[in-house]
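Asker: Mind looking at a prediction? Sequence and model below.
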Amino acid sequence: MSLPTKRSSLSNPTTNTCSGGTSSSSPLHPPPMKKAKSQAVACSPLDPNKNGVHRHHPQVENDVVFDPSAAMAIDDDVRPDESRAPAAANLSRKKATAAPPQRAKKLVIKLVKAKPTLPTNFEEDTWAKLKSAITAIFLKQPDSCDLEKLYQAVNDLCLHKMGGSLYQRIEKECEAHISSALQSLVGQSPDLGVFLALVEKCWQDLCDQMLMIRGIALYLDRTYVKQTPNVRSLWDMGLQLFRKHLSWSAEVEHKTVTGLLRMIERERSGEAVERTRLNHLLKMFTALGIYSESFEKPFLECTSEFYAAEGMKFMQQYDVPDYLKHVEIRLHEEHERCLLYLDASTRKPLIATAEKQLLERHIPAILDKGFTTLMDGHRIEDLQRMYSLFSRVNALESLRHALSSYIRGTEQGIVMDDEKDKDMVPSLLEFKTSLDSIWEESFSKNEAFSNTIKDAFEYLINLRQNRPAELIAKFLDEKLRAGNKGTSEEELEGMLDKVLVLFRFIQGKDVFEAFYKKDLAKRLLLGKSASIDAEKSMISKLKTECGSQFTNKLEGMFKDIELSKEINESFKQSSQARTKLPSGIEMSVHVLTTGYWPTYPPMDVRLPRELNVYQDIFKEFYLSKYSGRRLMWQNSLGHCVLKADFPKGKKELAVSLFQTVVLMLFNDAQKLSFQDIKDSTAIEDKELRRTLQSLACGKVRVLQKLPKGRDVEDDDSFIFNELFSAPLYRIKVNAIQLKETVEENTSTTERVFQDRQYQVDAAIVRIMKTRKVLSHTLLITELFQQLKFPIKPADLKKRIESLIDREYLERDRNNPQIYNYLA
């Protein structure tokens, strides 16, 4: 039988196949459809969409008839050879002659009336095999049925929608065995170690057994369990059953938890324990979902009690460094314990419990007992450990307060003790260096600790107003003065930087400026400066720190010195110097601007004629070059080099101008009384006594005093010392310097206070000019904020009264506590 076809230009006709024939089926499977041996009859013309070519085909007169039924079977009337489709399309490109159309034979598909049925007791028989296998698994016995058949059995039950019943049967069977296993633990060995081994074996057996059961019933897990809500997987079902029966067996659970806690306590005491068993049992608690309630809560309580007792005991027995090391070791051990066998969720509460009992409770005791010792001993490592541990319990604030108290109290004795003034600055520098080292290495450069150190150090250094500022200026004078042997420029620069740190803490910076300027003037005028570069470097540092206004006068002093050198060179080349100067004398003059230099009290002296002539000639030269200026000679600052002819040899004497005037009197006289010298030189009495004392009672005794003694009296006489001898050719005759005369100190301080009064007056006027009307309290508050030096409210009140008297301000008529600005 064939259908007429037309040749397609793109492809051969497609043949479709239909199933035919019947076959017997297994009771476990629906009857499969088998391929017919013959090709099916072509049911339709060639599908034009298969090759994209549209052709018209002859209409088939008789269509194939299908029985509209879901279950089909093929009629046996159709013979295989008749049903083969004549797909004899000519493959050549020549036009094929179409065969005459023939009548198609009907293909009838009929419904099979009988449905496939399961064997009798199929479910019960299948479950019996599965139950036998499950029982064998729990009893650890071999089973005759292989796993593949068991898996197929579960598969068959699930395919025939018996999964729910199978699940319940498996659950019931597992529950019976799990209950039995846990009941067998009741009343077991009182030795907790042995009991834990039994529990571990029971748990391990359950895990292995449930894995095997899940492997057999995997198809049940993948179909019924997934498709049914609120049904646990077989593994979770096993865990839930174990958890339920463990909770019913309170003795087993209690003994297990107690045994675990005892093991951990023994390990903390230094004994070796089976960490693997701890790991397995604690994982059991985690898997059962009872870890937090059943184990973690009592575990943390035991930990708290253990470390509370240990903390109290060790704080009494150990010193602070050893105790902190012990705490550090304990915290590390607890961290390791979490990694080895405890659940990860326990780490934070466990560490917090240990920190609270070992550290937080003992913070005040640790600080009181050991902080001062660690600071005094510069124990960098121990302080770093303390900082690290305190940061864990948020106790850094307590550590900062302890640091502040330590700084304020440690050096207070040196700052307040007048007898230790000489050692104050070196001691403060050493102390600050030590604090900086501790801050960097132990306190991790914490900004809050840096501010604490600054605040405490500022309080410490300003306990005595003005005196520390004066001593710092004198310390700098000592370091910058010539004669500091063995100090390199780098070391000197480092010292200046350290002193500058102290300078930052000083509140009375104007006091420092006054004393520093006075000492700098002496160094520059007497040529005592160790290094001009170092002097300029210090000025630059002060300028950076306080601004150009602070160093304006200091910089002016250097300019005067440089300008004086140029003036002296010009003077030596002038006609006055070449024609009028006396021979045998060389003089160098420093011309100083009054505003830049300290104020010196004028001291009269009757100079030798040669020096008077020299001064007059220089004055004539200077005023001819700079008209309108006035020169005033400062005799107290002069110094000379005299050539002296002693019987034992010639010497050069480096002396002050007053010493020069006294010594030159002995060119014309062998012996002079105190009164004679006083009348001849016109030097002020106290200065003359000091000058004679340096010449006749000091180390270099150019004169001899009659009678001998340390003090110069009115009836003393002086003679030239012909027996004087010294190994050096040039000899420095030091003037008797009072460390700091009361008058000189007082005058410097008074000048500072005078300058401060001007600053206070200016600040008051500036504030009132802006605010116009202001109460007394607010005005005082504003002044404290603006003024950079310490001042008492009573002194401010005096300045306000002074301004009222001078009509800058007035009191309000209605309220005397309010001030009005007068324009």
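Answerer: That came through fine.
Asker: quick one: secondary structure of Lys650?
Answerer: Following DSSP: H, G, I helix; E, B strand; the rest coil, the label given to Lys650 is strand.
Asker: next one: Ser725
Answerer: coil.
Asker: backbone phi and psi for it, please?
Answerer: Main-chain dihedrals, Ser725, degrees, to the nearest 10: phi -150, psi 150.
Asker: what residues are up against it?
Answerer: With contact set as CB atoms under 8 Å, 6 or more residues apart in numbering, Ser725 has these partners: Phe646, Lys648, Gly649. Using the backbone N, CA and C atoms, a C-beta is placed for each residue, glycine as well.
Asker: And it, how far from Lys705?
Answerer: Per CB to CB, to the nearest Å, Ser725 is found 18 Å from Lys705.
Asker: Strands along the protein, start to end?
Answerer: Assigned by DSSP state E, the chain shows strands spanning 73-74, 109-110, 639-646, 649-656, 671-673, 703-706, 717-720, 730-732, 773-775, 809-811, 818-821.
Asker: Format the ones you listed as CSV; extra columns: distance to Ala128 and mean pLDDT.
Answerer: Listed next are the strands of the chain as CSV, based on distance: least, CB to CB, whole Å; pLDDT from 0 to 100:
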stretch, distance to Ala128, mean pLDDT
strand 73-74, 36, 38
strand 109-110, 40, 76
strand 639-646, 128, 85
strand 649-656, 128, 85
strand 671-673, 146, 87
strand 703-706, 138, 84
strand 717-720, 141, 86
strand 730-732, 125, 82
strand 773-775, 105, 88
strand 809-811, 115, 87
strand 818-821, 109, 88
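Asker: how about CSV for those strands, with distance to Met495 and mean neighbour count added?
Answerer: Compiled in CSV, the strands of the chain are given as follows (distance: least, CB to CB, whole Å; neighbours: other CB atoms under 10 Å):
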stretch, distance to Met495, mean neighbour count
strand 73-74, 115, 19
strand 109-110, 114, 15
strand 639-646, 28, 13
strand 649-656, 28, 17
strand 671-673, 47, 16
strand 703-706, 40, 19
strand 717-720, 43, 18
strand 730-732, 25, 13
strand 773-775, 46, 15
strand 809-811, 47, 16
strand 818-821, 48, 18
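Asker: Between those, which one is closest to Pro349.
Answerer: Closest approach to Pro349 among the strands of the chain (CB to CB): strand 773-775, 57.2 Å.
Asker: Tell me how far that closest one lies from the chain's centre.
Answerer: Chain-centre distance of strand 773-775: 46 Å, with CA atoms, centre = their mean, to the nearest Å.
Asker: residue ranges with poor pLDDT in this protein?
Answerer: Applying pLDDT under 70 to the chain picks out residues 1-102, 112-115, 483-486, 736-751, 753, 823.
Asker: ok, and the closest non-adjacent residue to Leu428?
Answerer: Leu502 (5.9 Å; CB to CB, 6 or more residues apart in numbering).
Asker: contacting residues around Cys158?
Answerer: If you count contacts by CB under 8 Å, 6+ apart, Cys158 has them with Leu166, Tyr219, Leu220, Thr223, Tyr224.
Asker: neighbour-wise, which of the residues you listed leads?
Answerer: Leu220 (24 neighbours; other CB atoms under 10 Å).
Asker: buried residues in stretch 449-462?
Answerer: Phe449, Thr452, Ile453, Ala456, Phe457, Leu460, Ile461, Asn462 (16 or more other CB atoms under 10 Å).
Asker: Identify, from the residues you listed, the entry nearest to Cys174.
Answerer: Nearest to Cys174 among those, counting by CB to CB, is Phe449 at 63.2 Å.
Asker: Tell me who's in contact with the closest residue to that closest one other than its chain neighbours.
Answerer: Nearest residue to Phe449, sequence neighbours excluded (CB to CB, 6+ apart): Phe443, at 4.5 Å. With contacts defined as CB under 8 Å, 6+ apart, Phe443 is in contact with Leu383, Gln384, Tyr387, Phe449.
Asker: Now go through those and say which are in helices.
Answerer: When DSSP state H defines the helices, the subset of these inside them is Leu383, Gln384, Tyr387, Phe449.
Asker: Val661 against Arg609, yeah?
Answerer: No. Judged on CB atoms under 8 Å, Val661 makes no contact with Arg609 at a distance of 11.6 Å.
Asker: which of the two has more neighbours?
Answerer: Neighbours were counted for Val661 and for Arg609 using other CB under 10 Å; Val661 has more, 25 against 8.
Asker: Could you report the neighbour count for the nearest residue to the more buried one once chain neighbours are set aside?
Answerer: Counting by CB to CB, 6+ apart, Val661 lies nearest to Thr681, which is 5.0 Å off, once chain neighbours are set aside. Neighbours of Thr681 under the rule other CB under 10 Å: 21.
Asker: Please report how far Thr681 lies from Arg606.
Answerer: For Thr681 relative to Arg606 (CB to CB), the value is 6 Å.
Asker: Mutual contacts of these two, please.
Answerer: Val661.
Asker: so Phe505 sits right up against Ala456, yeah?
Answerer: No. Using CB under 8 Å, Phe505 makes no contact with Ala456, being 9.9 Å away.
Asker: Out of the contacts of Ser725, flag the one nearest to Arg730.
Answerer: Distances from Arg730 to the contacts of Ser725, taken by CB to CB, are shortest for Gly649, at 12.4 Å.
Asker: circling back to that earlier point, out of the buried residues of stretch 449-462, who's nearest Arg337?
Answerer: Nearest to Arg337 among these is Phe449, at 32.9 Å by CB to CB.
Asker: Check the gap between that closest one and Leu435 for me.
Answerer: Distance, Phe449 to Leu435, by CB to CB: 10 Å.
Asker: what's the answer for Arg630, then?
Answerer: Relative to Leu435, and taking CB to CB, Arg630 is found at 52 Å.
Asker: neighbour count winner among these two?
Answerer: Taking neighbours as other CB under 10 Å, Arg630 and Leu435 compare with Leu435 leading, 24 against 7.
Asker: ok now do the more buried one, which residues does it touch?
Answerer: Per CB under 8 Å, 6+ apart, neighbours of Leu435: Ile407, Ile453, Phe457.
Asker: Can you tell me which of those comes closest to Ala514?
Answerer: Using CB to CB, those come closest to Ala514 at Phe457, 22.9 Å.
Asker: Could I get the contacting residues of the closest one?
Answerer: Ile407, Lys432, Leu435, Phe505.
Asker: Recalculate using a threshold of 7 Å.
Answerer: Contacts for Phe457 were tallied using CB atoms under 7 Å, 6 or more residues apart in numbering; they are Ile407, Lys432, Phe505.
Asker: Tabulate those residues (TSV), appending distance to Glu355 and neighbour count.
Answerer: What follows is those, written out as TSV (distance: CB to CB, whole Å; neighbours: other CB atoms under 10 Å):
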residue	distance to Glu355	neighbour count
Ile407	28	23
Lys432	33	20
Phe505	37	20
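Asker: In helices only, show me the residues you listed.
Answerer: In this view, these that belong to helices under DSSP H are Ile407, Lys432, Phe505.
Asker: Excluding chain neighbours, what is closest to the first one?
Answerer: Which is Ile407. Nearest residue to Ile407, sequence neighbours excluded (CB to CB, 6+ apart): Ala456, at 3.7 Å.
Asker: how near is the one you found to Asp685?
Answerer: 49 Å.
Asker: Give the burial count for Asp382, as a bare number.
Answerer: 19.
Asker: Then the one 5 residues further on?
Answerer: Using other CB under 10 Å, Tyr387 has 19 neighbouring residues.
Asker: Equivalent analysis for Val393, please.
Answerer: The burial count for Val393: 16, using other CB under 10 Å.
Asker: circling back: tell me the spacing between the residue nearest to Phe449 and Tyr307.
Answerer: Phe443 is 27 Å from Tyr307, by CB to CB.
Asker: same question, Met162
Answerer: 58 Å.
Asker: go on, Thr135?
Answerer: For Thr135 relative to Tyr307 (CB to CB), the value is 50 Å.
Asker: For the two, work out which one has more neighbours and name it.
Answerer: Legend: neighbour count by other CB under 10 Å for Thr135 and Tyr307, higher for Tyr307 (23 against 14).
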